[in-house]
Structure formats: C-alpha cells, structure tokens
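Chemist: Next comes the sequence, and after it the predicted model I'd like to discuss.
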There are 2 protein chains.
Amino acid sequence: MAEFWLDEVRWTEEGLVPVIAQIDQSDRVVMFAWMNRESLKISAETGYAVYWSRSRQKLWRKGEESGHTQKIIDIQLDCDEDVILLKIEQQGGIACHTGRESCFYRSLVDDQWQEKEAVIKDPQSIYDKSK
Amino acid sequence: MAEFWLDEVRWTEEGLVPVIAQIDQSDRVVMFAWMNRESLKISAETGYAVYWSRSRQKLWRKGEESGHTQKIIDIQLDCDEDVILLKIEQQGGIACHTGRESCFYRSLVDDQWQEKEAVIKDPQSIYDKSK
C-alpha cells in the first residue's frame, strides 16, 4: 500500500523516469537527471535527492562527492505520470558539476550557445578530496 | 555554419533531446517534451515551440489544435549539451492538455499523488472544434 504511488509512475522500458530539479525559493531550474524506482523511493524516504546514473549504472546520491546535496521540498508528477519535478533546496548553491548554480548556463544568441553565468567555485576544489 | 549550434546538441540514439518548458515571467515549469533536430530548428527560426511527438512520430506544433502556442523567449542548453530549457510565454495560460496551466499539478503527500490545481478550461471545449 505504501508504495502504490510508485506503481503509478509510468517508467520507461529501462525502468527510469526523467526528473527536473528546481530551486524551491527562486524557481530556477538547475538540473535534469533520471531516477529508477529505488532512487525515487529513497529520495522520498530520506528527503534528499538520489538519482540513477545512466553512465555509471548505479545510484547517484547527489552531493555524495561534492557535498552539494538537494533537500527535497516537494515531489510533483506530471499529467502523463512519466515525468517528476522536484522542488529542492540546493546545498552550497551549486547544482552543476561545472561549479555553477545551474546546469543551464548557456543561451542561444545569434545561432551560438553563449555562456551567461560565471563559475561560482572551481570544480577541482569541489571534487578534489585533498583540498 | 548557421546550424553549427544544432550540431552541438548531443541527440539520443533516436535523434531526440528532452525539453523543459518554463514560463518566462513566473518561472513555473509547465511541460516536458522532446524535440528532434528539425523541430528545434523550426522552433528557433519561428520563435514558437515545435516538439516531436514520440507517440504519433511526427512534428507537434504546440497549440495547433488548442491554440495554446508557446512563444519562445530564450533557448538554453545544459552542461552536457543533452537537455534544452525553453523560457516561454504561454498563450491562453494553459500548457497542459487537461486544461491546467501546468502538467505538474500533483504533489506527493502522505504516499499519495494529490491534485492541487483546478482545471482552468474544460479540455473538451479546448479541443472540440465545433465549440
């Protein structure tokens, strides 16, 4: 019974669902990733975002290396039950592995992708444990 | 040269890219869909969102039936070049085929998906041409 809500999600053939992460206070969209059933269940239970890494084929506890965890404020489901929207608080104010607040830091201007946002923190200092 | 920006997008094996649509003024996320190269090109050229319907396997000119077109304010690309974020103006204030502003109208509360948003307009009156 308690997991009936997980059954209502329409998972892809690979057992995944796309997830949009949006800062709760500012409504800025900062990330897009995927979850499988286990990661969505853990996310809901713990209150912190856990994704499924398709490249590494394993659970990806967001922030486990960087410390930039995402506290979940709200979990939303779309009309077709096949997309999740997370309202989050972003620890450290950095969601992107490039050291920016958001992964969406480029806009199309004059047929070119132009960067519009500086790096907040050098990724090397985020991911290098010796620092 | 003019289409070099399209080459920078990392399309899926099916030639698609996931797209998040967000209201420019309010920053509300209202929709998630897919584009292929042609639909992204047309979207950029015309300034109105054109998606790729995976179920119908054809171009989906958003609003062609409902009138609820999406005027594009900004096209953003993520750090991995495989997700698009559209900032839009939503004609009619309704992005969802259920007649709501947003497709994300349910939140997880006590292990249940709870609706939190009323229908603005009856879908029958949106899609029935005789009305």
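Modeler: That came in fine, so what should we check first? Quick caveat, the model's predicted, so the values are computed rather than measured.
Chemist: going forward, measure contacts and count neighbours with C-alpha atoms only.
Modeler: Fine.
Chemist: I figured residue A:117 hits residue A:99, correct?
Modeler: No - the pair residue A:117 / residue A:99 is not scored as a contact, 10.4 Å apart, by Cα atoms under 8 Å.
Chemist: Which one's more surrounded, these two?
Modeler: residue A:99 (21 against 12; other Cα atoms under 10 Å in any protein chain shown).
Chemist: what lines up beside the helix or strand harbouring residue A:88 in the sheet?
Modeler: Element membership of residue A:88 [criterion: DSSP states H and E] is strand A:84-90. For strand A:84-90, the paired strands and their directions (DSSP bridges) are strand A:16-23 (parallel), strand A:70-77 (antiparallel).
Chemist: which one of those lies closest to residue A:63?
Modeler: The minimum distance between residue A:63 and the strands paired with strand A:84-90 falls on strand A:70-77, with 7.4 Å, by Cα to Cα.
Chemist: longest helix of chain A?
Modeler: Taking DSSP state H as the assignment, the helix of chain A that covers the most residues is helix A:37-46.
Chemist: buried sites along the helix or strand following that helix?
Modeler: Scanning forward in sequence from helix A:37-46, with DSSP H and E defining helices and strands, the next element found is strand A:50-53. Taking 16 or more other Cα atoms under 10 Å in any protein chain shown as the neighbour-count basis, strand A:50-53 is seen to contain the buried residues A:50-52.
Chemist: for the following helix or strand past strand A:50-53, the distance to its chain's centre please.
Modeler: If you walk from strand A:50-53 toward the C-terminus, the next helix or strand you reach (DSSP H and E) is strand A:58-61. Computed by Cα atoms, centre = their mean, to the nearest Å, the chain-centroid distance of strand A:58-61 equals 11 Å.
Chemist: Next, work out how far apart the residue of chain A most remote from its centre and residue A:39 are.
Modeler: In chain A, counting by Cα atoms, centre = their mean, residue A:110 sits farthest out from the average C-alpha position, at 29.4 Å. To residue A:39, residue A:110 is 40 Å away according to Cα to Cα, to the nearest Å.
Chemist: Ok, residue A:121 next?
Modeler: Applying Cα to Cα, the value for residue A:121 to residue A:39 is 28 Å.
Chemist: likewise residue A:107?
Modeler: Residue A:107 sits 31 Å away from residue A:39, taking Cα to Cα as the criterion.
Chemist: What about the closest residue to residue A:101 other than its chain neighbours, how many residues nearby?
Modeler: In this structure, residue A:101 finds its nearest non-sequential neighbour in residue A:94, 4.1 Å apart by Cα to Cα, 6 or more residues apart in numbering or on different chains. Number of residues near residue A:94 (other Cα under 10 Å) recorded here: 24.
Chemist: Now find how far off-centre the worst-scoring helix or strand of chain A on mean pLDDT is within its chain.
Modeler: The least trusted helix or strand in chain A, going by mean pLDDT, DSSP states H and E, turns out to be helix A:123-127, with a mean of 87. Relative to the mean C-alpha coordinate of its chain, helix A:123-127 is positioned 18 Å out (Cα atoms, centre = their mean).
Chemist: Quick check: buried residues in that helix?
Modeler: residue A:126.
Chemist: In PDB, list the C-alpha atoms belonging to it.
Modeler: Taking only C-alpha atoms (Å, rounded to 0.1, in the frame of the first residue of the first chain), the coordinates of helix A:123-127 have been written out as PDB:
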ATOM      1  CA  PRO A 123      35.200  22.100  -9.900                       C
ATOM      2  CA  GLN A 124      38.700  20.900  -8.900                       C
ATOM      3  CA  SER A 125      38.200  22.300  -5.400                       C
ATOM      4  CA  ILE A 126      34.800  20.800  -5.300                       C
ATOM      5  CA  TYR A 127      35.800  17.300  -6.200                       C
END
